[in-house]
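[1] heads up, no residue letters with this:
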C-alpha cells in the first residue's frame, strides 16, 4: 500500500491528477473527475424513475402493489393481446363456419387452418379422456387409428362431436346398448362365445355352442363374421382394435356386463366453427375416411370454392 | 509498505514505461477535490470543454476525407442496390428480412438455422479489429469508426455555420442574443437533418427500401420503423452533435480495450520529445539554438485535434490516432525549415531507438510482425472456412421427428402405423417438386396428410414452395409383427440439380425389439 501520510499531496505527474490512495500490484487509482454530463444523466435517470413509479405498478403494499396512474397491468396486456388475436381469427372462423363440412378438404389452406384450430380446442376440451396424443385409453376410443364406431368421415365425426355418445342432452345422440349376458348364460356358454369371437381373428378355435350362441344373440348387430355395424354402433369383432381390452378375460367380462362409455355432446358448449375445426383435427390424425358423396364429383366441388 | 531505499521491481518496471511515455514537462496539479463539507461538489465533476478544432489540410486529412466519403456512401447507397433473385425473393441486394427471417447479401441468402455464418462474420469482425490494431494501431478509431466519421461531419457543419476555430471560440463566449440564437438554431436544424437521414437510412436495410421510404412518408410504415428512426435520430443528434469525443473517452469500451492491446511495437501517433524538447517560441529558439528543440510550442497540434488533446503529453485514451496533428506539425516544420515528423506515426520501440541515435525505421514494419501475421492467419482461415461452408451447403434438407404420443398405432388389420413430422426445406428461390422415399423397412408404405392412404407407396412426390420449409405429416405403415427398427427417409429434388438429403429415424412397434 502507498504511504498513508502522503496520499493527500501525491499527484500523478503525467496527468496532474491526485491519487486516491488505492493500489493493486503497482497499479494506482487516480481521482479523475467525472464528466458533468454524466452527473446530469444520473439526475435524469432519477427523474425517469420517479415518473416510472408514478405511472406503473411499483410499491409493494400488504396485499397488492400500487397501481400506477396509467392503469397498466400485465393481465390487462394479456387480455388485450388475446382480443387482438381473436379479432385476427374472426375472418377465418367465419369462413370455416360458412364452409360446408364436406367441402373443407377441398381447400387445403382452410383445412390446414381448421386442423390447427382444432388441435388447440382439442387440448382444452378433449385431452381429459382421449389423451394428449388422442390415443385414448381402455374405454376411451383412440382417434388415430382406422377403426370408427360411428363413422370416420368429416360429417360423421362432426355429428358425434355435436351430439355425443349416449348423452342425455340431445335426441340425436349416438346410441347403442349391448345387453349384459351374465345372468342369462352360464360360465361355459360365455367362454364358448368368447372363443367364437376370438376365432374371427384366429386367436382361438370356435365351438358349436359358440357358433350357435353367437348366431342367436350377437349376429344381428355384430354381423356374420364379426364385422360390426356402424348404423347400430356395434363394434367390429374381427379386427385388432378392442375398446375395452383384447384379452380373453376382458372379452368375457364385456359379454357378461358390458361397459358403455358416454361422451358429452358439444353443440351447446362450443360454437359450430370450433366443432368443425375439431372434426377436421380428428379427421387429420391419420384415420380419417373420405366422404361417400365427395368422391363422386370432387373436381366440380373444388370449382365452387370462392 | 515500500522501502524508499530499495525500489520495488514492479515500480521499476512502471517507471521504465513511464520514461517511454511520460512527457518531459509534468502538468500542474489539478485543484484537489475532496469530499470535505466546505468543498463545493462541483469540483468532483468536470465541465465539458467544447472542442473547436481548426481546419487543416494535408495527406492525412485528405485520407480522412476519402474514408469519410467512402463509408458514408456505402452506408447510404447500399440499401438501394438491387439484385435479381427471381419472382419468389426480394430484389434488394442487402436485406435483413426479420419478418420472413432471411438475410440477403448479394448472392448469399442465409436462413435462421445458418446463423453460424453471421456468428462467423462477427468473429471475423472482432479478430479484424485485433488485426488492424496490431498492424496499424487505432486506425479504426481514427478513420472508420461511425462515431469518428459523424463527429467529423458535424464538425464540418460547425465550420460552415460559425467559421473556423477562433470564430467559434468567440461565438461560444458571446452572450446569447438574437444573432447567436438564430445561428445556433439553424446549425442545430442541420444537425437534426443529418441525424434524421442517418436514422432513416438504417431502417432501409430491414425492408424493401423504395417501398419503405414511400410508406414512411405516407404514414403507413410499421410503428417500429418510426421508433427506430426516432431513437437513432436522437442518438446521432446527441452523440455526433454534442458529446463527440466524450463518447470515445468515457462511453466506448474500445479505447479501454486498446490500452490493453497496444504494446511497444504498436503503431501510434507520437510526439518525438527528444527532438522537440526543450520547447520554446521560435524567437527564443533562434536566439539560443542549443537550448531549444524543434517544438516551437505553436499549439497547432492541439488546435487541430478533434478530441482536444495535447499529443505532446504522450499516448492517451483520447488520442484516436487520426493524425491531423501530424499534418499540422509537418506544415509548421516546413515553414521553419525543419524536417517533417516531429509528430509522426511510430512505435514506442522505434522512438527509443531513434532517441538513442538510431536511424528512423519504416512504420510499415508493424505489418510484418508475428502478432499481425497470426491475427491475419486466423482471420483468413475463419473467412476461408465460412466460404467453404457456404460453397458446400445444399439447398435441400429433410428433418424427421417421430410422434411420441402415441409412439405407434395399431390398425384394424393388426399392422402398425407410425406418424412422423417431416420438414422439407427448399432453399432455392423457386418452387420445387421433391420426392420423399422410405427405405430399410420391409413391406412398409407411406402416405401423407395430403396423399390418402389409398395411394400409399414407398415414395411420394411433394411440392415444396419457393424459399420455404414445408411441414408434412407422414404416416408409415408396416405389416403386422414388424420389429422395432431404424429406417431412412430420403428427400430428392426432382429437378436437374437432383440434390438429396437423408434422415434416419426409428419405427416403433407394440412388441418392441424382440
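    The structure has been received and is ready for your questions. For clarity, every value in this text was computed on a predicted model and none was experimentally measured.
[2] what ranges do the helices span in the stretch 351-500 of chain B?
    Along the stretch 351-500 of chain B, the segments classed as helices by DSSP state H, counting those that start in this stretch run B:370-392.
[3] okay, now residue 190: neighbour count?
    Picking chain A for this. Using other C-beta atoms under 10 Å in any protein chain shown, residue A:190 has 20 other residues around it. For the C-beta atoms, the positions are set from N, CA and C on the backbone; glycine is no exception.
[4] Let me rephrase: I mean chain B.
    Neighbours of residue B:190 (other C-beta under 10 Å): 15.
[5] Mind naming the longest helix for the chain?
    No chain in the question, so chain A it is. Identified as the longest helix of chain A according to DSSP state H is helix A:74-98.
[6] wrong chain, I was asking about chain B
    helix B:178-203.
[7] Quick one: distance of it to the chain centre.
    Computed by C-alpha atoms, centre = their mean, to the nearest Å, the separation of helix B:178-203 from the middle of its chain amounts to 26 Å.
[8] Show me which parts of it are buried, residue by residue.
    Within helix B:178-203, the residues that qualify as buried are B:187, B:188, B:191, B:194, B:195, B:196, B:198, B:199, B:200, B:201, B:202, B:203, counting by 16 or more other C-beta atoms under 10 Å in any protein chain shown.
[9] going on from it, what's the next piece of helix or strand?
    Next helix or strand after helix B:178-203 toward the C-terminus (DSSP states H and E): helix B:209-218.
[10] Which elements pack onto that next one?
    Identification of packing neighbours for helix B:209-218 by 3 or more C-beta pairs under 8 Å, 6 or more residues apart in numbering or on different chains; DSSP states H and E yields helix B:178-203, helix B:223-238.
[11] For residue A:148, which of those is the nearest?
    If you check each of the helices and strands packed on helix B:209-218 against residue A:148 by C-beta to C-beta, helix B:223-238 wins as the nearest, at 49.7 Å.
[12] Sketch out the low-pLDDT regions of the chain for me.
    Chain wasn't specified; assuming chain A. A:1-9, A:292-306 (pLDDT under 70).
[13] looking at chain B here, not the other one
    In chain B, residues with pLDDT under 70: B:1-43, B:512-514.
[14] Which strand or helix spans the residue nearest the centre of it?
    Note on chain B: the residue nearest the mean C-alpha position is residue B:125, at 6.3 Å, using C-alpha atoms, centre = their mean. Taking DSSP H and E as the definition, one finds residue B:125 inside helix B:116-136.
[15] I'd like the buried residues of helix B:178-203 as TSV, with distance to chain A appended.
    As requested, those are exported to TSV (distance: C-beta to the nearest C-beta, whole Å):
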residue	distance to chain A
B:187	20
B:188	17
B:191	17
B:194	21
B:195	18
B:196	23
B:198	21
B:199	21
B:200	26
B:201	27
B:202	24
B:203	24
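[16] Just flag the most distant two among those.
    B:187 and B:203 (25.9 Å).
[17] could you pull out the helices for chain A?
    Under DSSP H, chain A gives helices at A:36-55, A:74-98, A:108-125, A:127-130, A:154-163, A:187-199, A:208-217, A:219-222, A:248-256, A:272-284, A:298-303.
[18] okay, those helices, which one's buried deepest?
    helix A:272-284 (a mean of 24; mean count of other C-beta atoms under 10 Å in any protein chain shown).
[19] which secondary structure elements does that helix contact?
    When contacts are defined as 3+ C-beta pairs under 8 Å, 6+ apart, helix A:272-284 packs onto helix A:74-98, helix A:108-125, helix A:154-163.
[20] how about the residues of the stretch 151-300 of chain A that lie near chain B?
    Counting by C-beta under 8 Å from any C-beta of the partner chain, the residues of the stretch 151-300 of chain A lying close to chain B are A:201, A:236, A:239, A:240, A:241, A:284, A:286, A:290.
[21] Any of the residues you listed buried? List them.
    Counted by 16+ other C-beta under 10 Å, these give A:201, A:236, A:239, A:240, A:241, A:284, A:286, A:290 as buried.
[22] one step back: packing partners for the longest helix of chain B?
    For helix B:178-203, the packing partners by 3+ C-beta pairs under 8 Å, 6+ apart come out as helix B:59-77, helix B:146-162, helix B:209-218, helix B:223-238.
[23] and it with helix B:209-218, angle?
    140 degrees (axes from the mean of the first three to the mean of the last three C-alpha atoms, to 10 degrees).
[24] Next, count neighbours for residue B:424.
    Using other C-beta under 10 Å, the number of residues around residue B:424 comes to 24.
[25] wait, isn't it in contact with residue B:398?
    Yes - counting by C-beta atoms under 8 Å, residue B:424 touches residue B:398, with 5.8 Å between them.
[26] list the residues that contact both of the two?
    In terms of C-beta atoms under 8 Å, 6 or more residues apart in numbering or on different chains, residue B:424 and residue B:398 are both contacted by the residues B:436, B:491.
[27] What segments of the stretch 351-500 of chain B are strands?
    Assigned by DSSP state E, counting those that start in this stretch, the strands in the stretch 351-500 of chain B fall at B:396-402, B:409-410, B:416-426, B:432-439, B:445-448, B:459-464, B:468-478, B:485-493, B:500-507.
[28] looking at those, which is buried most?
    Highest mean neighbour count of the strands of the stretch 351-500 of chain B: strand B:409-410, a mean of 24 (counted as mean count of other C-beta under 10 Å).
[29] one step back: mind giving me CSV with the helices and strands packed on helix B:178-203 and columns for distance to residue B:465 and mean neighbour count?
    Formatted as CSV, these follow (distance: least, C-beta to C-beta, whole Å; neighbours: other C-beta atoms under 10 Å in any protein chain shown):
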stretch, distance to residue B:465, mean neighbour count
helix B:59-77, 33, 14
helix B:146-162, 39, 19
helix B:209-218, 22, 15
helix B:223-238, 27, 16
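[30] need those in JSON lines with distance to residue A:17, can you?
    Shown next, in JSON lines, are these (distance: least, C-beta to C-beta, whole Å):
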{"stretch": "helix B:59-77", "distance to residue A:17": "30"}
{"stretch": "helix B:146-162", "distance to residue A:17": "25"}
{"stretch": "helix B:209-218", "distance to residue A:17": "49"}
{"stretch": "helix B:223-238", "distance to residue A:17": "27"}
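[31] Perfect, I'm done here.
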